[in-house]
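S.K.: Provide a 3D model corresponding to the input given below.
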Amino acid sequence: MARLNDNLKIDGERLWDSLMEMAQIGPGVAGGNNRQTLTDEDGEARDLFQSWCRQAGLVVNTDRMGTMFARREGEDPTALPVYVGSHLDTQPTGGKYDGVLGVLGGLEIIRSLNDLGIRTRHPIVVTNWTNEEGTRFAPAMLASGVFAGIHDEEWAYNREDAEGKRFGDELKRIGWQGSEITGDRKMHAFFELHIEQGPILEAQGHEIGVVTHGQGLSWTQVTITGKDSHTGSTPMNMRRNAGLGMARILNLVDEIAWDFAPDAVGAAGHIDVYPNSRNVIPGRAVFTIDFRSPDKPTIVAMEDRLKSEGEAICQDMNLDVEFEKIGGFDPVEFDAGCVMAVRNAAARLGYSHQDIISGAGHDACWINRVAPTAMVMCPCVDGLSHNEAEDISPEWATAGANVLFHAVVETAEIIP
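M.R.: Residues are numbered from 1 along each chain as shown. As a prediction, the model looks like this:
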């Protein structure tokens, strides 16, 4: 395999300027971003990304889930493309880099190849996956899940947000439902650059994380039903307090996570209490439990304990409870060849690096099922992510994109 000269690198200043320009779309209230999937802001970000891709000479196509594919042709029309990318959607209180670094890092590869006059045998396709975050339409990594055959497209179209709006309707509304059949693409390989979203790389003083595995994830939606009644006039022994039942199950979740530590974590993120009035005892609580571990039997054991002990808690409190698995994936082992390409690139470029397990879910976790896949990570300050204070340095972004550049381009095979 032909290798890039070690002196050939991406334009770090241009990448950083692109990150800052994209961050102007859907600004948050505290310096980050609120660019949730299929909002007007998401549509505006897509328009900007598409314009940049076309300026770089790429042909942009979109599938029926709204995922964008920007293609740079290779010299061999029979060679499968090398894909690279991540996502542009954010959390409601998201940062500027989660996902976006991977998409714009992929675009920077193309811009740098154009600058350097380098051609590859395989085409290279920069990808923006729809609804990676899953904060508006659960589950996370929805479009990549449909692409990989995990989810049914019609099921995905019928996912609803908190206001009852359907994914399929919103996709059409912002004008980004494509005609291409989802999953009707074959890949030579897929690479994703991402911030770590954890504290390990910064604490160890390493510039690059070579992602070998991804934690498995389980999302269980819990619905507790009691009876809403007046807080002042309902005797304590006659209450069916769904909020209190939720509190006791949340405490159970913490106990379960500690019992399986250090190789497991657990918490509740999305919580809704009804009717959510100051003087009404909650009659219903709906919340999502997030369990993660690199060991599948551990996740199963945590789920089983949640259900059995959660049911016992609610039975003792005269509450009804339902458990619905709404998302998740098994632990991931990334492709050895692609991982080696990342590791070799980091070593050759002189970046300090270490193998790492991703604690978060990524589109790469689903794509790994249908194509050889690997991830590159760079540090983030204090490991903070899914927070408007999320931060990275220009140097970290450049290092991650340089490793991505070498791994992707060498996999795509340079034409001498």
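S.K.: going forward, measure contacts between C-alpha atoms and count neighbours the same way
M.R.: Noted.
S.K.: give me every residue that touches the one residue sitting closest to the centre of the chain.
M.R.: Nearest to the mean C-alpha position of the chain, counting by CA atoms, centre = their mean, stands His362 at 3.9 Å. Residues in contact with His362 (CA atoms under 8 Å, 6 or more residues apart in numbering) are Ser86, Glu132, Met141.
S.K.: any idea how far Ile10 is from Gly400?
M.R.: Distance of Ile10 to Gly400, given as CA to CA, to the nearest Å: 10 Å.
S.K.: Check Pro27 too.
M.R.: Taken as CA to CA, the span from Pro27 to Gly400 is 24 Å.
S.K.: Which helix or strand contains the nearest residue to Gly175 once chain neighbours are set aside?
M.R.: Nearest in space to Gly175, with sequence neighbours left out and distances taken as CA to CA, 6 or more residues apart in numbering, is Gly43 at 7.7 Å. Secondary structure assigned from DSSP states H and E places Gly43 in helix 40-55.
S.K.: got the CA coordinates for that helix in CSV?
M.R.: Extracted in CSV, the C-alpha atoms of helix 40-55 (Å, rounded to 0.1, in the frame of the first residue of the first chain):
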residue,chain,number,x,y,z
ASP,A,40,-34.7,24.4,10.7
GLU,A,41,-31.2,24.8,12.1
ASP,A,42,-30.3,21.3,11.1
GLY,A,43,-31.5,22.1,7.6
GLU,A,44,-29.4,25.3,7.5
ALA,A,45,-26.3,23.3,8.6
ARG,A,46,-27.0,20.8,5.8
ASP,A,47,-27.2,23.6,3.3
LEU,A,48,-23.9,25.0,4.4
PHE,A,49,-22.2,21.6,4.3
GLN,A,50,-23.6,20.8,0.9
SER,A,51,-22.3,24.2,-0.5
TRP,A,52,-18.8,23.5,0.9
CYS,A,53,-18.9,20.0,-0.6
ARG,A,54,-19.9,21.3,-4.1
GLN,A,55,-17.1,23.9,-3.9
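S.K.: now for that helix, which elements pack on it?
M.R.: Here helix 40-55 touches strand 59-62, going by 3 or more CA pairs under 8 Å, 6 or more residues apart in numbering; DSSP states H and E.
S.K.: one more time with 6 Å, if that's ok
M.R.: For helix 40-55, there is no helix or strand it packs on, judged by 3 or more CA pairs under 6 Å, 6 or more residues apart in numbering; DSSP states H and E.
S.K.: List the contacts of it.
M.R.: With CA atoms under 6 Å, 6 or more residues apart in numbering as the test, helix 40-55 has contacts from Gly26, Arg35, Ile174.
S.K.: Work out the gap between it and the centre of the chain.
M.R.: Distance of helix 40-55 from the chain centroid (CA atoms, centre = their mean, to the nearest Å) equals 19 Å.
S.K.: For that helix, buried residues please.
M.R.: Neighbour counts using 16 or more other CA atoms under 10 Å place Asp40, Glu41, Asp42, Gly43, Glu44, Ala45, Arg46, Phe49, Gln50, Trp52, Cys53 of helix 40-55 among the buried residues.
S.K.: do stretch 348-367 as well
M.R.: Here stretch 348-367 shows 349, 351, 353-359, 361-367 as buried, counting by 16+ other CA under 10 Å.
S.K.: Downstream of the least confident helix or strand in the chain by mean pLDDT, the next helix or strand is which one?
M.R.: Within the chain, no helix or strand scores below strand 320-329, which has a mean of 92 by mean pLDDT, DSSP states H and E. Sequence order places strand 332-333 as the next helix or strand after strand 320-329, per DSSP H and E.
S.K.: Give the other helices and strands that whichever helix or strand comes after that following strand contacts.
M.R.: Beyond strand 332-333 in the direction of the C-terminus, DSSP H and E gives the next helix or strand as helix 336-348. The contact analysis (3+ CA pairs under 6 Å, 6+ apart) places helix 336-348 against helix 394-411.
S.K.: in the helix it packs on, what's buried?
M.R.: Applying 16+ other CA under 10 Å to helix 394-411 flags 396-411 as buried.
S.K.: Can you pick out the most distant pair from those?
M.R.: Trp396 and Thr411 (22.7 Å; CA to CA).
S.K.: could you pull out the strands for the stretch 1-150 of the chain?
M.R.: Listed in chain order, the strands of the stretch 1-150 of the chain (DSSP state E, counting those that start in this stretch) span 59-62, 68-72, 82-86, 124-128.
S.K.: on that earlier part again, name the nearest of the contacts of His362 relative to Trp16.
M.R.: Nearest member of the contacts of His362 to Trp16, counting by CA to CA, is Ser86, at 16.6 Å.
S.K.: wait, that closest one sits on Gly102?
M.R.: Yes. Using CA atoms under 6 Å, Ser86 is in contact with Gly102, at 5.0 Å.
S.K.: So the two - more neighbours on which side?
M.R.: More crowded of Ser86 and Gly102, by other CA atoms under 10 Å: Gly102, with 31 against 28.
S.K.: Quick check: pLDDT value at that one.
M.R.: Listed pLDDT for Gly102 reads 98.
S.K.: And for Gly359?
M.R.: pLDDT, read off for Gly359, is 88.
S.K.: List the residues that contact it.
M.R.: So Gly359 contacts Gln215 (CA under 6 Å, 6+ apart).
S.K.: Could you rerun that using 7 Å?
M.R.: Gly214, Gln215 (CA atoms under 7 Å, 6 or more residues apart in numbering).
S.K.: hang on, the earlier thing: who wins for proximity to His188 among the strands of the stretch 1-150 of the chain?
M.R.: strand 82-86 (5.3 Å).
S.K.: That closest one pairs with which strands?
M.R.: Strand pairing for strand 82-86, determined by DSSP bridges: strand 124-128 (parallel), strand 189-195 (parallel).
S.K.: Could you dump these into JSON lines with mean pLDDT and mean neighbour count added?
M.R.: Shown next, in JSON lines, are the strands paired with strand 82-86 (pLDDT from 0 to 100; neighbours: other CA atoms under 10 Å):
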{"stretch": "strand 124-128", "mean pLDDT": "99", "mean neighbour count": "28"}
{"stretch": "strand 189-195", "mean pLDDT": "98", "mean neighbour count": "28"}
